[in-house]
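In: sequence? don't have it. structure:
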């Protein structure tokens, strides 16, 4: 027969195990969509540094090669959160009332390196040396209605020629666009600076301008989730935002503002390398990750004017219903919007 002391000890152990089980059960598993780009680093950093764990969130990453499939996966519930450019697919899903933008991510900012306009060496040698000369030339995009498509048309608008005079060439995936530009199957493209920097080093590809000269205050990517999460799982969404923004702070400090010690920055780069340029040794991938990292909006701040401009472009091109409103597209209750 157990003594009172033994009974108390057994009871205490049972209670501890019970509490541990409850704690484990309290942890929510979320799936986050990723493109293997440096701009998607905040989620990677937040998971590696335990920011999600602090919010009792267990993370599973699901990788994609383009923005549109990610939007579909979030609408269907296969993925919970994503960070990517505004696409026709995302907007049409908002029209169907199944997804919402809930914050800002990658952004063009004055004084910080931004997206570059690139051309093939063949096109450059033939005289295509400024964006003003893109009239009549081909421009690679992943898909019709992608952010690349939007940027091409913004160049045409500002340079004063018809949008139809840039020949849009959909190639489905970023690697395919890169291959086409290198082989001069397309004349031009635009992309984030770390990829642009790597491509122009060889001399096969030339940089001829900056996207920021054509799209003022461009909200390049946004944070989005399903309407169901916004309406029924608000606490979960808020926990995601808190952890993600901690990842943003670390990312900006390490790669954009460069205020971390060298050892701390190198540790952050190793975290990112798990998903970005992971097919290359860290000695080669590290400098590419560090080079030309763009600002991610602190505190998830969302540039509503830029989002509205993008929505109106999609509507003007007939890719999205003119009935879609900003209220259907954006929920500003989680972060600051301007």
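Out: Happy to help now that I have it. Nothing here was measured: the structure is a model prediction, and the numbers come from that model. Residues are numbered from 1 along each chain as shown.

In: in the stretch 1-150 of the chain, which ranges drop under the pLDDT threshold?
Out: Scanning the stretch 1-150 of the chain for pLDDT under 70 picks out the ranges 1-25.

In: That one: strands as residue ranges?
Out: Along the stretch 1-150 of the chain, the stretches classed as strands by DSSP state E, counting those that start in this stretch are 28-35, 57-64, 81-84, 99-104, 116-120, 138-141.

In: just checking, what packs against the last one?
Out: Yep, that's strand 138-141 we're talking about. helix 147-159, strand 167-170, helix 174-182, strand 188-191 (3 or more C-beta pairs under 8 Å, 6 or more residues apart in numbering; DSSP states H and E). Glycine gets a C-beta too; all of them are placed from N, C-alpha and C.

In: cool, and the third one?
Out: The criterion is 3+ C-beta pairs under 8 Å, 6+ apart, and the helices and strands that strand 81-84 contacts are strand 28-35, helix 41-48, helix 67-76, strand 222-226.

In: how does it look with 7 Å?
Out: Counting contacts by 3 or more C-beta pairs under 7 Å, 6 or more residues apart in numbering; DSSP states H and E, strand 81-84 is packed against strand 28-35, helix 67-76, strand 222-226.

In: mind checking the end-to-end distance for stretch 216-227?
Out: Stretch 216-227 has its terminal residues 29 Å apart, counting by C-alpha to C-alpha, to the nearest Å.

In: list the buried ones in that stretch?
Out: 218, 219, 220, 221, 222, 223, 224, 225, 226, 227 (16 or more other C-beta atoms under 10 Å).

In: same check, this time on stretch 329-336
Out: 329, 330, 331, 332, 334, 335.

In: what sits against residue 242?
Out: residue 55 (C-beta atoms under 7 Å, 6 or more residues apart in numbering).

In: now with 10 Å?
Out: Going by C-beta atoms under 10 Å, 6 or more residues apart in numbering, residue 242 touches 46, 51, 52, 54, 55, 57, 300, 334.

In: So what's the gap between stretch 126-135 and the chain middle?
Out: 29 Å (C-alpha atoms, centre = their mean, to the nearest Å).

In: same thing with stretch 233-250?
Out: Relative to its chain's centre, stretch 233-250 lies at 15 Å (C-alpha atoms, centre = their mean).

In: Can you list the buried residues in that stretch?
Out: By 16+ other C-beta under 10 Å, the buried positions in stretch 233-250 come out as 233, 236-237, 239-250.

In: Highest mean neighbour count out of the helices and strands packed on strand 81-84?
Out: Scoring the helices and strands packed on strand 81-84 by mean neighbour count under mean count of other C-beta atoms under 10 Å gives strand 222-226 as the most buried, with a mean of 27.

In: Show me what it is packed against.
Out: Judged by 3 or more C-beta pairs under 10 Å, 6 or more residues apart in numbering; DSSP states H and E, strand 222-226 is in contact with helix 67-76, strand 81-84, helix 88-95, strand 99-104, helix 234-251, helix 304-316.

In: In terms of secondary structure, what does the fourth one contact?
Out: Using 3+ C-beta pairs under 10 Å, 6+ apart as the contact criterion, the secondary-structure elements in contact with strand 99-104 are helix 67-76, strand 81-84, helix 88-95, strand 222-226, helix 227-232, helix 234-251, helix 304-316, helix 326-329.

In: swap the cut-off to 6 Å and go again
Out: strand 222-226 (3 or more C-beta pairs under 6 Å, 6 or more residues apart in numbering; DSSP states H and E).
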